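J.: The sequence and its predicted three-dimensional model are supplied below.
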Amino acid sequence: MTIRFENVSYRYADGKGGLTDISFDVKTGELLAVIGPSGSGKSTLLKLLAGFMDPQRGHIEIAGRNMKGVAARDRDLGIVFQSYALFPHMTVLENIAYPLRLRNIPRTDRIERAKDALHDVGLDHAADRMPSTLSGGQQQRVALARALVYEPKALLLDEPLSALDASLRGEMRDLITHIQRTANIATILVTHDQEEALSMADRVAVIHEGQLLQLAAPRDLYDQPVNTTVASFVGKANLWQGKVVAAGVVTTRIGDITCNTADWPIGSEVTLLIRPEAVRPLKEAVVSETAENEPLRESFNHFRGDLVRDRFLGAVRRYDIAVGDQIITGETAYRGTISGASIASDAIRILRA
């Protein structure tokens with residue numbers, strides 16, 4: 001394993017924040033995204049790994065070496081900061097070559113390697129430009145090239161795309177992932193952007209109040225969250241409190257819901273998780289089976305209600321249906337009138353209440 005956290009804990013002097021008994025590893029070539037709400041411990045994790053602080057308990061390893069007492073400059077980590085931290089008085093090529101200069105690489109070699117790194121990020125034409133003349137996306141590319149030019153053992157990305165316009169983020173996500181895969185380097189991405197984490201990472205770690213709640217592949221994290229905290233933080237979610245009243249039936253404020261209750265005995269207090277994309281619209285004046293509407297069969301739960309909110313998001317619309325005092329949120333590409341919602345029984349996941 002290139003990066004390993006073993007029972008790492010850290011508490012600040014005021015007793016607030018920090019991390020509690022965190023353990024995980026990152027393999028060579030793997031990209032691990034760390035997500036969580038503000039104050040969850042993401043920045044603390046990054047500072048501990050980078051060597052800006054030392055764990056109070058547990059230990060951190062990089063390439064099999066215990067980092068206890070090892071200064072930040074000696075940890076052989078490439079870091080891309082949120083602000084990029086480019087040197088304003090140096091050209092693009094000089095910025096990229098700077099880590100090699102610190103390591104006493106001969107000038108000819110470091111210029112050649114810096115040019116190769118610049119080519120990898122598609123900025124050959126900008127070698128002699130100053131950072132102030134570059135766009136945000138171009139500065140991001142330079143920072144990435146500088147972080148990787150000396151072939152570090154691991155790469156840390158601290159909110160690398162947060163300063164970019166939405167139109168550039170998708171392009172930069174793909175570029176970072178491509179370069180990271182090509183370099184075959186263990187990478188930790190710290191971000192508040194769930195879409196960024198799910199689309200880029202091999203695995204995602206969810207941290208909440210200093211604890212690691214779940215570490216899983218993006219699809220597993222989204223489809224099988226371990227609890228309601230993870231479910232509500234990763235993506236949009238309908239979460240309904242209920243009670244198992246019979247085999248395959250959970251009663252809720254919205255009514256009786258049919259779903260798979262095989263692992264839950266009768267009487268269990270549970271929470272039902274339904275993702276918005278699993279909510280299918282019932283169309284106006286369609287009450288029987290037709291080619292336009294989902295068949296009204298036992299494997300589906302159907303609800304008539306009032307459309308109380310409708311948001312156009314381009315490719316899809318996100319809508320809220322009021323059924324009694326409960327709201328059902330759905331997403332669909334359908335643009336006609338909606339008069340209710342339909343939810344397949346097998347699209348419902350049961351979590352502990």
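T.: Thanks, I have it.

J.: pLDDT below threshold where in the protein?
T.: 1, 284-298 (pLDDT under 70).

J.: where's residue 281 relative to residue 74, distance?
T.: Residue 281 sits 58 Å away from residue 74, going by C-beta to C-beta, to the nearest Å. From N, CA and C alone the C-beta is placed, and that goes for glycine too.

J.: Compare the two and say which is more crowded by neighbours.
T.: Neighbour totals were compared for residue 281 and residue 74, and residue 281 leads with 25 against 10 (other C-beta atoms under 10 Å).

J.: Can you tell me the SS state at that one?
T.: Put simply, residue 281 is strand when judged by DSSP: H, G, I helix; E, B strand; the rest coil.

J.: Can you give the domain ranges for the chain?
T.: For the chain, automatic domain parsing gives the domain ranges 3-231, 236-352.

J.: which of these is buried the deepest?
T.: domain 3-231 (a mean of 18; mean count of other C-beta atoms under 10 Å).

J.: hey, where'd the helices end up in the chain?
T.: With helices called from DSSP state H, the chain shows them at 42-50, 92-102, 107-120, 136-148, 166-183, 194-200, 218-223, 228-233.

J.: Mind putting those into JSON lines with distance to residue 60?
T.: Putting the helices of the chain into JSON lines (distance: least, C-beta to C-beta, whole Å) gives the following:
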{"stretch": "helix 42-50", "distance to residue 60": "6"}
{"stretch": "helix 92-102", "distance to residue 60": "22"}
{"stretch": "helix 107-120", "distance to residue 60": "27"}
{"stretch": "helix 136-148", "distance to residue 60": "19"}
{"stretch": "helix 166-183", "distance to residue 60": "21"}
{"stretch": "helix 194-200", "distance to residue 60": "21"}
{"stretch": "helix 218-223", "distance to residue 60": "24"}
{"stretch": "helix 228-233", "distance to residue 60": "24"}
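
J.: of those, which approaches residue 248 most closely?
T.: helix 218-223 (20.3 Å; C-beta to C-beta).

J.: neighbouring contacts of the closest one?
T.: 197-199, 201, 203-204, 206, 214, 230, 234-235, 275, 349 (C-beta atoms under 8 Å, 6 or more residues apart in numbering).

J.: Kindly check the end-to-end length of stretch 128-142 for me.
T.: Taking C-alpha to C-alpha, to the nearest Å, stretch 128-142 runs 12 Å from one end to the other.

J.: next one: it to chain centre, how far?
T.: The chain centroid and the centroid of stretch 128-142 are separated by 26 Å under C-alpha atoms, centre = their mean, to the nearest Å.

J.: One more: stretch 190-201?
T.: Here stretch 190-201 is found 3 Å from its chain centre; the criterion is C-alpha atoms, centre = their mean.

J.: same deal with stretch 264-277?
T.: The answer for stretch 264-277 is 24 Å, by C-alpha atoms, centre = their mean.

J.: Next, the distance between the ends of that stretch.
T.: 25 Å.

J.: what's in contact with it?
T.: Outside stretch 264-277, the residues that reach it (C-beta under 8 Å, 6+ apart) are 222, 225, 228, 231, 235-247, 250, 252, 257, 259, 261, 318, 328-331, 343, 347-353.

J.: how about the nearest residue to residue 231, chain neighbours excluded?
T.: Of all residues not flanking residue 231 in the chain, residue 225 sits nearest, at 4.0 Å (C-beta to C-beta, 6 or more residues apart in numbering).

J.: scratch that, residue 57
T.: Nearest one to residue 57, counting by C-beta to C-beta, 6+ apart, is residue 9 at 4.0 Å.

J.: Could you double-check that the one you found sits in contact with residue 23?
T.: No - counting by C-beta atoms under 8 Å, residue 9 stays clear of residue 23, with 10.4 Å between them.

J.: shared neighbours of those two, anything?
T.: residue 58.

J.: Could you dump the contacts of helix 218-223 into JSON lines with distance to residue 90 added?
T.: Below are these laid out as JSON lines (distance: C-beta to C-beta, whole Å):
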{"residue": "197", "distance to residue 90": "32"}
{"residue": "198", "distance to residue 90": "36"}
{"residue": "199", "distance to residue 90": "33"}
{"residue": "201", "distance to residue 90": "32"}
{"residue": "203", "distance to residue 90": "36"}
{"residue": "204", "distance to residue 90": "35"}
{"residue": "206", "distance to residue 90": "38"}
{"residue": "214", "distance to residue 90": "42"}
{"residue": "230", "distance to residue 90": "43"}
{"residue": "234", "distance to residue 90": "40"}
{"residue": "235", "distance to residue 90": "42"}
{"residue": "275", "distance to residue 90": "48"}
{"residue": "349", "distance to residue 90": "52"}
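
J.: Many thanks, I have nothing further to ask.
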